[in-house]
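>>> Build me a model:
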Amino acid sequence: MPAPTVQQLLDFEAAHADGRGDVEGDIRHTLGIPPARYFQLLMRAAATIEGQAHDAITAHRILRRAAAIA
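Predicted structure coming up:
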C-alpha cells in the first residue's frame, strides 16, 4: 500500500481528534501504517503548505500540540 497522502492524514486526524476508540487499530486498518509512522507523516503533512491549505485548523492544532510537547 502506498504512503497516505497529506489530505488522507489530515482527514483521518480530524475525524479522530477526540482520541476515543481504538485509534491505533484504526490507523493500521485504514491507513495501513504503524502508529509511529503515522505521527511522523502527520507532523510533516501539517507543516506543509499543502496541508495547511487543505485543513488549516487541523494542521495548526497538530503543530501547536507538537510545540507544547517539545
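>>> and the helix or strand hosting residue 45, which residues are buried?
Assigned by DSSP states H and E, residue 45 belongs to helix 35-47. Buried residues in helix 35-47, counted by 16 or more other C-beta atoms under 10 Å: 38, 39, 41, 42, 45, 46. To be clear about C-beta, it is placed using only N, CA and C from the backbone, and glycine gets the same treatment.
>>> And the contacts of that helix?
3-4, 6, 9-10, 13, 23-24, 27-28, 31, 33, 51-52, 58-60, 62-63, 66 (C-beta atoms under 8 Å, 6 or more residues apart in numbering).
>>> what does stretch 15-25 give?
Contacts for stretch 15-25 (C-beta under 8 Å, 6+ apart): 26, 35, 58, 61.
>>> at 10 Å what do you get?
12-13, 26-30, 34-36, 38, 57-58, 61-62 (C-beta atoms under 10 Å, 6 or more residues apart in numbering).
>>> Kindly report the same for stretch 48-59.
5-15, 17, 42-47, 60-63.
>>> Repeat the analysis, applying 7 Å as the threshold.
Residues from elsewhere that reach stretch 48-59, judged by C-beta atoms under 7 Å, 6 or more residues apart in numbering: 6, 7, 10, 13, 14, 45, 46.
>>> Could I have the buried ones of those as PyMOL selection syntax?
One line in PyMOL is enough to select the buried ones among the contacts of stretch 48-59; burial here means 16+ other C-beta under 10 Å:
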select buried, resi 6+10+13+45+46
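>>> Distance to residue 70 and pLDDT added to the contacts of stretch 48-59, as TSV?
As requested, these are exported to TSV (distance: C-beta to C-beta, whole Å; pLDDT from 0 to 100):
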residue	distance to residue 70	pLDDT
6	22	98
7	26	97
10	20	98
13	18	96
14	22	96
45	18	98
46	14	98
